[in-house]
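**Q** below is the structure, and that's it, no one-letter string:
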Ligand code: NAD
Ligand code: UD1
């Protein structure tokens, strides 16, 4: 298939481009590089030894989006392009609503105009809010606490209504849990700017000596050891989930959790990282982070049942691959 991948230069997008190319698809990437670099596209080519088409462009630009649909015969769209920093979304709500909602509306408009009936959307477990674990697709969604989460919940509703009105349209809404890790080559991975918000990149940077210690946000949650529990999923498993979703798309809207179904606490992740990489991670317990929930993990059985997909890589592999990229990334940057 010929797949348009928006946001294909980003963290999850690059890994998915690798999986798509390796599965024999052709790939067209549209990315404005607001949170990535063109070099990541070169790395995808290097890993797969295959070519792809890259457009540096904004997917809120209707004319440019239409130019792609009119030039290429597209079989499906995977829509990753979006802004994703929760804290920033509170400070710049309009930027987030505009970017994340308008992009979805423009892409679906041209899908309809050009008869492209396969659409895969990047949603997030954040749409469940503070629900009872494990989170299952049939749950009523609870309010999210920030504009970023709202953009995901709203995009889900927009896509659902479009599919209701257009019986030919097939949409897979993929709710990601916590993507971590990197490609085994160490060439692509997650490289956040500035101080990382998320646990795995922060732990990797403590390992590298960039920070003295990890601050563990609270140890008084009702969890196994009092620290927050999350469902970490290897980004390569997540990428393979997209290929499976595209291959199995049926008419209508289908929501899938992409997680492992396994909860891991902050301290369990620290221990796994130490074991996987033989590096001590010093930490201190500090106050809870506002807006955090105690536990978030998936019931991942629907994706297994309907897509034949299941996450295969364990927490040790996630920690090993995250660290390999962190080390390698430093080398790549310093060698320039
Ligand atoms: P990322 O920032 O690495 O990738 C997003 C890409 O989209 C970037 O390359 C960025 O340059 C591009 N982009 C943003 N706005 C654009 C626009 N208007 N036009 C063209 N390109 C644009 O993020 P990621 O972690 O790879 O996330 C991909 C998607 O998955 C996002 O929609 C994100 O909200 C969603 N998601 C991510 C996580 C996570 O923890 N990483 C969890 C749940 C959902
Ligand atoms: C974050 C996002 C969420 C997104 C999810 C998936 C925020 C506030 N939320 O949430 O919207 O859907 O990622 O990628 O960014 N922790 C520490 N110390 C740290 C960092 C994190 O103890 O320095 C703890 C957190 O309290 C939490 C766990 O580690 O219990 C995971 O945190 P994080 O990686 O930020 O992910 P989420 O909280 O799930």
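**A** Looks like it came in fine. Computed from a prediction, not measured in an experiment: that's the story for all the values here. Ligands and ions are numbered 1, 2, ... in the order given.
**Q** tell me if stretch 180-200 is near ligand 1.
**A** No - against ligand 1, stretch 180-200 shows no contacts by Cβ under 6 Å from any ligand atom, the least distance being 6.7 Å. Backbone N, C-alpha and C define where each C-beta goes, glycine included.
**Q** give the buried residues for that stretch.
**A** Taking 16 or more other Cβ atoms under 10 Å as the neighbour-count basis, stretch 180-200 is seen to contain the buried residues 180-183, 186-191, 196, 199-200.
**Q** can you add pLDDT and secondary structure and give those back as CSV?
**A** Compiled in CSV, these are given as follows (pLDDT from 0 to 100; DSSP: H, G, I helix; E, B strand; the rest coil):
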residue, pLDDT, secondary structure
180, 98, strand
181, 98, coil
182, 98, coil
183, 98, coil
186, 95, coil
187, 96, coil
188, 97, coil
189, 96, coil
190, 94, coil
191, 84, coil
196, 92, coil
199, 98, helix
200, 98, helix
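**Q** could you identify the most distant pair in those residues?
**A** Considering Cβ to Cβ, no two members of the buried residues of stretch 180-200 lie farther apart than 187 and 199, which are separated by 22.8 Å.
**Q** just give me the neighbour total for residue 152.
**A** Look at residue 152: counted by other Cβ atoms under 10 Å, it has 25 neighbours.
**Q** spit out the contact partners of it.
**A** If a contact means Cβ atoms under 8 Å, 6 or more residues apart in numbering, then residue 152 has 100, 123, 124, 126, 127, 144 as its contacts.
**Q** what pairs with whichever strand or helix holds the second one, and is each one parallel or antiparallel?
**A** Using DSSP states H and E, residue 123 maps to strand 118-124. Counting by DSSP bridges, the strands paired with strand 118-124 are strand 76-79 (parallel), strand 170-176 (parallel).
**Q** which of the ones you listed sits most buried?
**A** Ranked by average neighbour count under the criterion mean count of other Cβ atoms under 10 Å, the strands paired with strand 118-124 are headed by strand 76-79 at a mean of 26.
**Q** and ligand 2, is the helix or strand that it is followed by touching that?
**A** Downstream of strand 76-79, the next assigned helix or strand under DSSP H and E is helix 86-91. Yes - for helix 86-91 and ligand 2, the contact criterion (Cβ under 6 Å from any ligand atom) is met by residue 86.
**Q** so what secondary structure elements neighbour helix 86-91?
**A** helix 93-97, helix 147-165 (3 or more Cβ pairs under 8 Å, 6 or more residues apart in numbering; DSSP states H and E).
**Q** do you know which of those helices lies nearest ligand 2?
**A** Evaluated over the helices and strands packed on helix 86-91, closeness to ligand 2 peaks at helix 147-165, with 6.2 Å, by Cβ to the nearest ligand atom.
**Q** buried sites along that closest one?
**A** Going by neighbour count (16+ other Cβ under 10 Å), the buried part of helix 147-165 is 147-156, 159, 162-163.
**Q** ligand 2 contacts on the protein?
**A** Residues of the chain that fall close to ligand 2, judged by Cβ under 6 Å from any ligand atom: 86, 124-126, 178, 197-199, 202, 214-217, 228, 230, 266, 289, 291-292, 296.
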